[in-house]
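Asker: sequence and predicted structure are below.
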Amino acid sequence: MSFLDKIKQPIFWTSFAKVALPFFIIVIVISLLMNSFSEIFSGDFETVNQINFAEGKWKNFFGFKIVFSTVYGLYTTNKKMK
């Protein structure tokens with residue numbers, strides 16, 4: 001079955017969501033820990049905000065992760081569906 005045939009099926013999108021959303025959350029958590037480990041565990045969330053999200057940084061922070069998670073979800077779901 002081709003990729004275009006697969007994406008027309010509702011089960012594809014259910015499987016996609018089951019793969020992409022947890023992956024997106026895991027990537028965010030890992031990224032925050034890598035960028036701001038000491039600030040997170042010291043409770044300095046204002047600094048975490050300044051490092052990762054302030055002044056439009058949130059667009060770069062989330063943009064790449066959304067694209068990466070979407071591509072990963074599509075690829076994985078496509079490979080697992082017969």
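Answerer: Thanks, I have it.
Asker: what's near enough to touch the residue nearest the centre of the chain?
Answerer: The residue lying closest to the centre of the chain (C-alpha atoms, centre = their mean) is Phe24, at 2.2 Å. The contact partners of Phe24, by C-beta atoms under 8 Å, 6 or more residues apart in numbering, come to Lys65, Ile66, Ser69. For every residue, glycine as well, the C-beta is placed using N, CA and C.
Asker: may I ask which helix or strand of this structure has the lowest mean pLDDT?
Answerer: Here the helix or strand of the chain ranked lowest by mean pLDDT, DSSP states H and E is helix 3-7, holding a mean of 91.
Asker: for the protein, what spans make up the helices?
Answerer: Taking DSSP state H to define them, one finds helices in the chain at 3-7, 10-42, 45-52, 57-80.
Asker: run the angle between the last one and helix 10-42 for me.
Answerer: Counting by axes from the mean of the first three to the mean of the last three C-alpha atoms, to 10 degrees, helix 57-80 lies at 140 degrees to helix 10-42.
Asker: helices or strands up against helix 57-80?
Answerer: In terms of contact count using 3 or more C-beta pairs under 8 Å, 6 or more residues apart in numbering; DSSP states H and E, helix 57-80 is assigned the packing partners helix 3-7, helix 10-42, helix 45-52.
Asker: buried set for it?
Answerer: Phe61, Lys65, Ser69, Tyr72, Gly73, Leu74, Thr76, Thr77, Asn78 (16 or more other C-beta atoms under 10 Å).
Asker: between these, which is closest to Phe12?
Answerer: Top of the list for closeness to Phe12, among the buried residues of helix 57-80 and by C-beta to C-beta, is Thr77 at 6.0 Å.
Asker: how about the contacts made by the closest one?
Answerer: Taking C-beta under 8 Å, 6+ apart, one finds Lys6, Phe12, Ser15, Phe16, Val19 in contact with Thr77.
Asker: which stretches of this protein have low pLDDT?
Answerer: Within the chain, not a single segment meets pLDDT under 70.
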